[in-house]
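1. sharing a model that was predicted from the sequence below.
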Amino acid sequence: MRNKIKYLTLLPILLALVFLVIVVVQYGIDSRETIISAIIIAAYILVVFFAYYRLMPVFRSTMVDYSLEQGKVQKELLHGLDVPYVLLDLDGRVMWANARFYRAIDVNEKKFLQRRIDSYIPDLTPEVLDDIEGEISMSVDLGERSYNAKIRRVDLSAVFDGEPGDNQEEDVVLVMHMFDVTNERRLEQETYDQKLIAGLVYIDNYDEVMNSLEEVKHSILTALVDRKINMYLSNIDAIVKHLENDKYLFVFRQKYMQTLKSDRFSLLDDVKSINVGNEIPMTLSIGIGAGNESFTDAFENAKIAIGLALGRGGDQVALKFGEQVTYYGGKSTGTEKTTRVKARVKAQAFEELLENKEKVLIMAHKRPDADAFGSAVGIHRLVTTLGRKAYIVLNGETDAIDPLVNSFKNSNQYSDMIVSSAQALTMVDATTMVVVCDVNRPSMTECEELLSMVSTVVVFDHHRQSNEPIENATLSYIEPFASSACEMITEMFQYISVKPKIRPVEADAMYSGILIDTDNFLTKTGVRTFEAASYLRKSGADITRVRKMFRSSLVSMKERAQGISNAEIYMDCFALSYVEPDPDSSDAPTVPVAKAANELLNVENIKASFVVTEGEDGTLYVSARSIGDVNVQVIMEHFNGGGHATVAGAQVKNSTKEEFFLRLRQILKQMSEEGSI
């Protein structure tokens, strides 16, 4: 600043010298005009120098007085400013603050000066302050008020001298001022709370319950369920509309959403507790959706949510807010559907889709098991019966299906049935359909690239739907109540216009899928399971031949015994165990843990079992089993796994078995305390 004043004072002298040069150029150095001009300019310069040295002290004194007066005015203005304003050093200690800031934090000025600012504003930690380079904005809550704080790094040397200093800490301060945005936040929250949320309530097993109940009690049960639903939803000021016998629509404001979450949707248990003589408890599925733009979006999300809840077996709530989906409930295993209407409708729809197709590529999940391969064989038979070409995509068989695959390879009739992913990708054209069986996650399919290369994708699966669906599926038949995908495909045989003639080798493969997935008809077995097995038996399935295919090796038996001997009981009802991988074993890692988990369910008082082993790549393979009291699928979802309520699994990467069991114990304890399992 001093240099600028100096240059401003010397500017007239420089201009006089420039004028002298112009005169010399114009009249010459010896001319009379030049001499007179030189004398005048010399006198002018002397006067200026004299005035500069004589008056500069007075000028400086005047500037200092002016600066002091201005500083006092500015200080008073800042101190009385209605915006909280504070100067901090780099350690977070206050250097100066106005009165509004002290009122905002509700402390005495002297008391505040003795402490760091993060004592009163915890978010302003030294780490946050150290990271400030230019200017940042952040939200600060002080009591009932909300502020938008702007913090700026200021170099004092640049302020006073006009140029940046050497950036030493004593030359740098942090300037913060906070704007009160309490009213804006309140209005935003009120707007958010008033947004409408759509919900759908479906009774999962309406027909099954009514069929098991005396007709005179139908109206009583319906009235009780209707009363439970209306009373529960009246607590959140919802508008309820009874659409059909088993369907309700309700609308409520978003501010009540937290109330429902805190209650964990007790309506599910309230309805299940109704008993007027019905042998089967009535269960509900609820889908709730919120839209960012309009109520139409909210209703569309609600329809997607109810589909997810039903696809996961019912008796649960699915919340869909944008792309985020959250689930509540799902503790029961669900009720088997006795009606086959859905199977008939899906079979006819599948046949219609085939009319414009010439080629079908069938694939299951990676490392396929007997159910995956058996259901693929069943679809192959359906497609070829309807006069279309069909191929099963298989990238190398596992030990679990070696006997089945070899039985087809040994037959000339199936010489071109199995193709690799690379071959399948070259076969795709406009007339190609892709059928996915025994899986509904695209990342777990044998060849995920195929899904995006064709216009028609069909999904047949019996696993509960996850948050990672095959989104472009033209036809999706997901039945979590079915014991296996082979059971579903077997039922579809009966509704195709041209009745398939199943060969014995095909019947063996499909019967094997049912047998393995039900653990020899011990788990997830219903009336329709035995009907499907009976149909396959009539079609030529040989029980003895299938049993010989899947006898265990001695190594496998030892691994199963090891899983049992390593077991420990947690919370008196959960069996936790592990199997050390045997380098001599030819089975897939999932085989021994699945068998050990099944065996542990035979232990008294055990409600669920969890067995883990480590693969060659370090991945942990987890098998979870339940006798029906605990939904292990919900538990495995915490590890990005899935499956059924009684049969589930997961693959856990970047974790040791000790870390896995520690987390599993925490999850089991938390879910038990919350009543989620």
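-> Sure, I can see it. Numbering: from 1, shown residues only.
2. number of nearby residues for the closest residue to Leu260 other than its chain neighbours?
-> Spatial nearest neighbour of Leu260, chain neighbours left out: Ile236 (6.6 Å); criterion: CB to CB, 6 or more residues apart in numbering. Every residue, glycine included, has its C-beta placed from N, CA and C. Residues within reach of Ile236, counting by other CB atoms under 10 Å, total 17.
3. hey, where'd the helices end up in the stretch 501-650 of the chain?
-> Remark: helices assigned in the stretch 501-650 of the chain by DSSP state H, counting those that start in this stretch are 504-517, 527-538, 543-549, 554-565, 590-600, 632-636.
4. now the helices for the stretch 301-450 of the chain?
-> Ranges of helices within the stretch 301-450 of the chain are 341-354, 370-385, 402-409, 421-427, based on DSSP H, counting those that start in this stretch.
5. closest to Glu448 out of those helices?
-> Ranking the helices of the stretch 301-450 of the chain by proximity to Glu448 (CB to CB) places helix 421-427 first, at 9.3 Å.
6. buried stuff in that closest one?
-> Using 16 or more other CB atoms under 10 Å as the test for burial, helix 421-427 gives Ser421, Ala424.
7. for Met176, list the residues it contacts.
-> Tyr85, Val86, Leu87, Leu88, Ala149, Lys150, Ile151, Arg152 (CB atoms under 8 Å, 6 or more residues apart in numbering).
8. any idea which strand is longest in this protein?
-> Longest strand in the chain, counting residues (DSSP state E): strand 145-155.
9. in that one, which residues are buried?
-> Ser146, Tyr147, Ala149, Ile151, Asp155.
10. could you point out the member of the residues you listed that lies closest to Asp438?
-> The nearest member of the buried residues of strand 145-155 to Asp438, counting by CB to CB, is Ser146 at 52.2 Å.
11. that closest one touches Ala104, doesn't it?
-> No. Contact status for Ser146 versus Ala104: not in contact, 11.0 Å apart, counting by CB atoms under 8 Å.
12. in its sheet, which strands sit next to the longest strand of the chain, and in what direction?
-> strand 135-142 (antiparallel), strand 172-180 (antiparallel) (DSSP bridges).
13. nearest to Ala624, out of the helices of the stretch 501-650 of the chain?
-> Nearest of those (CB to CB): helix 632-636, 3.9 Å.
14. what's the closest one packed up against?
-> Helix 632-636 sits against strand 608-614, strand 620-626, strand 642-643, strand 647-652, helix 657-674, with contacts defined as 3 or more CB pairs under 8 Å, 6 or more residues apart in numbering; DSSP states H and E.
15. a markdown table for the ones you listed, including mean pLDDT, distance to Ala533 and mean neighbour count?
-> Output for these, formatted as a markdown table (pLDDT from 0 to 100; distance: least, CB to CB, whole Å; neighbours: other CB atoms under 10 Å):
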| stretch | mean pLDDT | distance to Ala533 | mean neighbour count |
| --- | --- | --- | --- |
| strand 608-614 | 93 | 26 | 26 |
| strand 620-626 | 92 | 21 | 26 |
| strand 642-643 | 79 | 21 | 22 |
| strand 647-652 | 88 | 18 | 22 |
| helix 657-674 | 91 | 34 | 14 |
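16. Arg560: which of the ones you listed is closest?
-> Arg560 lies closest to strand 608-614 among those, at 9.5 Å (CB to CB).
17. partner strands of that closest one, parallel or antiparallel?
-> Here, using DSSP bridges, strand 608-614 pairs with strand 574-579 (parallel), strand 620-626 (antiparallel).
18. now do it against helix 657-674, angle only.
-> Inter-element angle recorded for strand 608-614 and helix 657-674: 160 degrees (by axes from the mean of the first three to the mean of the last three CA atoms, to 10 degrees).
19. I'd like the helices and strands packed on helix 632-636 laid out as a markdown table, including distance to Val393.
-> Shown next, in a markdown table, are the helices and strands packed on helix 632-636 (distance: least, CB to CB, whole Å):
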| stretch | distance to Val393 |
| --- | --- |
| strand 608-614 | 27 |
| strand 620-626 | 23 |
| strand 642-643 | 22 |
| strand 647-652 | 21 |
| helix 657-674 | 32 |
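20. nearest to Ile304, of these?
-> Of all the helices and strands packed on helix 632-636, strand 642-643 sits nearest to Ile304, with 18.1 Å by CB to CB.
21. who's in contact with that closest one?
-> Strand 642-643 is touched from outside by Arg441, His463, Arg464, Ser466, Ala624, Val632, Gln633, Met636, Ala648, Gly649, Ala650, with contacts defined as CB under 8 Å, 6+ apart.
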